[in-house]
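Got a sequence here, can you build the structure:
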Amino acid sequence: MKLGKRLQQIKTMIPRGYDHIWDTCCDHGLLGAALLQNDVAPNIHFVDIVPELIAELEAKLHKFSAKLIPADSALRWHTHCINTNALPLNAYSGKHLVIIAGVGGDLTQEIVTAIVPHHAGAKIDFLLCPVHHEYALRQQLIQLECHLLDETLVEENQRIYEILYISTNARAVKVPIQPVGSLLWQANKPEAVLVRKQYLKTRIQHYQRQTRNNHLAKEALAAYQRVIL
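Numbering: from 1, shown residues only. Next up, the predicted model:
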């Protein structure tokens, strides 16, 4: 299963131990199919609001599973043609991972804000890879009292993305989510250091252009200017 660098990085950050993984806004289902192929979790859910995409994906998954999943396997896939805000998490017991990638940070924020308050006490983690509005998203995650499991940067097609692996569960050791990231800036390899320097530069330049009469942009600019690499 050939994945781009962004989806491959997301895949490598997913540990075993989840009962249900939800590949939301799944488009052609490449990530979810890769998770199926590697038997990462017993239930992989493919979610998209476009009926044509889901119908096409179902046909592909039937062929895919017939070849790669033994008939007696406990591994199952499910498709859902619904709005991601309305994930039926309560209908499935166990520990959930919800993946939201490739959509704007504002929509990502809307989805997480819709899910978290309606599933209090549920075991839900999120893997988020937003496009734009990362600072505002982080502010909302902090308000929702989420905490950090891991985070990193990945470069694909001359664009740098943040990936946040977060949890809503109470844990003995809580790592707070920082407004501009913490683990995000750590790197050992020279090429990874260069990616982080470039990303920091673009963030500062972006918010410098936005600061006029924009309190959030001024706040974000000051926070990024305090980052030390």
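
Would you map the strands across this protein?
When assigned using DSSP state E, the strands of the chain occupy the ranges 20-23, 43-47, 76-80, 95-104, 123-131, 147-156, 159-167.

what sits up against stretch 216-229?
Contacts to stretch 216-229, defined as Cβ atoms under 8 Å, 6 or more residues apart in numbering, come from residues 135-136, 179-180, 185, 193, 196-197, 200, 203-204, 207-208, 210-211. From N, CA and C alone the C-beta is placed, and that goes for glycine too.

let's see 10 Å
Applying Cβ atoms under 10 Å, 6 or more residues apart in numbering, the contact partners of stretch 216-229 are 134-136, 138-139, 178-182, 184-187, 193, 196-197, 199-212, 214.

Find the one among the strands of the chain with the highest mean neighbour count.
strand 20-23 (a mean of 26; mean count of other Cβ atoms under 10 Å).

and that one, what other elements does it pack with?
Where contact means 3 or more Cβ pairs under 10 Å, 6 or more residues apart in numbering; DSSP states H and E, strand 20-23 is packed against helix 30-37, strand 43-47, strand 76-80, strand 95-104, strand 123-131.

now the fourth one against strand 43-47, angle please.
Here strand 95-104 runs at an angle of 30 degrees relative to strand 43-47 (axes from the mean of the first three to the mean of the last three Cα atoms, to 10 degrees).

now do the third one
Here strand 76-80 runs at an angle of 20 degrees relative to strand 43-47 (the same axes, to 10 degrees).

strand partners of strand 76-80, parallel vs antiparallel please.
Strand 76-80 has the following sheet partners, assigned by DSSP bridges: strand 43-47 (parallel).

Helix 30-37 and the strand it pairs with, what's the angle between them?
Using the same axes, to 10 degrees, the direction of strand 43-47 lies 170 degrees away from that of helix 30-37.

quick thing: my sequence starts at 10, can you match it?
In the new numbering, first residue 10, that becomes strand 52-56.

Mind exporting the C-alpha coordinates of strand 52-56 to PDB?
Output of strand 52-56 as PDB, limited to C-alpha atoms (Å, rounded to 0.1, in the frame of the first residue of the first chain):
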ATOM      1  CA  ASN A  52     -12.000  -2.600  13.500                       C
ATOM      2  CA  ILE A  53     -11.200   0.000  10.900                       C
ATOM      3  CA  HIS A  54     -13.900   2.600  10.100                       C
ATOM      4  CA  PHE A  55     -13.900   4.600   6.900                       C
ATOM      5  CA  VAL A  56     -15.900   7.800   7.100                       C
END
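
tell me the contacts of the closest residue to Asn52 other than its chain neighbours?
If the residues on either side of it in the chain are set aside, Asn52 comes closest to His29, at 4.6 Å by Cβ to Cβ, 6 or more residues apart in numbering. Residues near His29 by Cβ under 10 Å, 6+ apart: 50-54, 85, 87, 96, 98, 100-107, 132-133.

how near is Arg15 to Met22?
Arg15 sits 11 Å away from Met22 when distances are taken as Cβ to Cβ, to the nearest Å.

so where's this structure uncertain?
10, 79-81, 179-182 (pLDDT under 70).

Walk me through the domains of it.
Using automatic domain parsing, the domain parsing of the chain gives 14-189, 196-238.

Tell me which of the ones you listed sits most buried.
Ranked by mean neighbour count, those are led by domain 14-189 with a mean of 17 (mean count of other Cβ under 10 Å).

now the end-to-end length of that one.
Domain 14-189 has an end-to-end distance of 22 Å (Cα to Cα, to the nearest Å).

Before I go, just wanted to say thanks for your time.
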